[in-house]
Each structure stands twice: as structure tokens, then as C-alpha cells.
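In: Sharing a sequence plus its predicted fold:
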Amino acid sequence: AESLRAGLLALLRRRRARRRAAGEVAEPELGGDEALQWWQAFAVGAIAKLVTMCLVYPLVRGKTLLQARDTQGRGIFQTLRKVVVREGWRAMYHGLGAQLSKSVLSASLKYAVKEHTESYFRETLCD
């Protein structure tokens, strides 16, 4: 998830540089040590968590099914294959909405607070 956040931050920097070159943005460009604004950190955290959960959720679902069902010694991939055969591909994402509703908000808040705290201590300790 950290590499995804770094990629999103790089994308944000490129977008801001293009807007600045076009004269649309008068604020300074994000530097290496410059902190994100709270809404940027919130958005980066939310998007990173959203993408990560959408990619990893079938494994989370498989783990849950292994814990809840009598799998007769089958592993996670055999269990997921059986779910796809019986219920279709959409069954791999049952419960994703509930998982996203609890994890995206917490991850984005945590990332925004982390960025704000790092910025505060960087300013306090460096000055």
C-alpha cells in the first residue's frame, strides 16, 4: 500500500506541475520535504486503500470462507475456485462494500493524521 501511496503522490505532483505550467495554480509545487495538505493526504490514503482492497479482497474472502466452512483440508485457492464454479466471479467480492466502508475511511484518516503529524514535527524540530 505504501508504494501505491507513493505512486499516487507522484501523480499528484505531475498534475500540479502541469496546472502550474498552464498558469492555473499559483501555489508552490510540492517538494520532497513539503507536506501534503490534509485533503490531499486524505485522498491519497483513500484511493490507495480502495485499490488495494479491490485487488486483495478475493484472498480476504477466501480466508473468511476457510474459517467459516468445513473445507475438508482444501487450501484457499481450491476454496476460491469452488466458489467461482458454484456462484460465479461476483461471489469473490461479496461483502466488499462493508469492508470498504470500514477500512477506507480509517486508512485515509490515518494517513492524513500521519502526514500532518510528520509535518508538524519536521517544522518544530528543524526550526
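Out: Here it is on my side, so go on.

In: chain center to the lowest-mean-pLDDT helix or strand in the chain, what's the gap?
Out: Within the chain, no helix or strand scores below helix 2-21, which has a mean of 77 by mean pLDDT, DSSP states H and E. With C-alpha atoms, centre = their mean, to the nearest Å as the basis, helix 2-21 stands 15 Å off its chain's centre.

In: Report all helices and strands that that helix contacts.
Out: With contacts defined as 3 or more C-beta pairs under 8 Å, 6 or more residues apart in numbering; DSSP states H and E, the packing partners of helix 2-21 are helix 38-68. Yep, even glycine has a C-beta here, placed from its N, CA and C like the rest.

In: The closest residue to Gly95 other than its chain neighbours and Tyr93, how far apart?
Out: Excluding its sequence neighbours, the residue lying closest to Gly95 (C-beta to C-beta, 6 or more residues apart in numbering) is Arg61, at 6.8 Å. Going from Arg61 to Tyr93 by C-beta to C-beta, to the nearest Å gives 7 Å.

In: which of these two has more neighbours?
Out: Arg61 (21 against 14; other C-beta atoms under 10 Å).

In: Tell me the confidence at the more buried one?
Out: Listed pLDDT for Arg61 reads 92.

In: now for whatever helix or strand Ser106 lives in, which elements pack on it?
Out: Using DSSP states H and E, the element containing Ser106 is helix 96-126. If you count contacts as 3+ C-beta pairs under 8 Å, 6+ apart, helix 96-126 packs onto helix 38-68.
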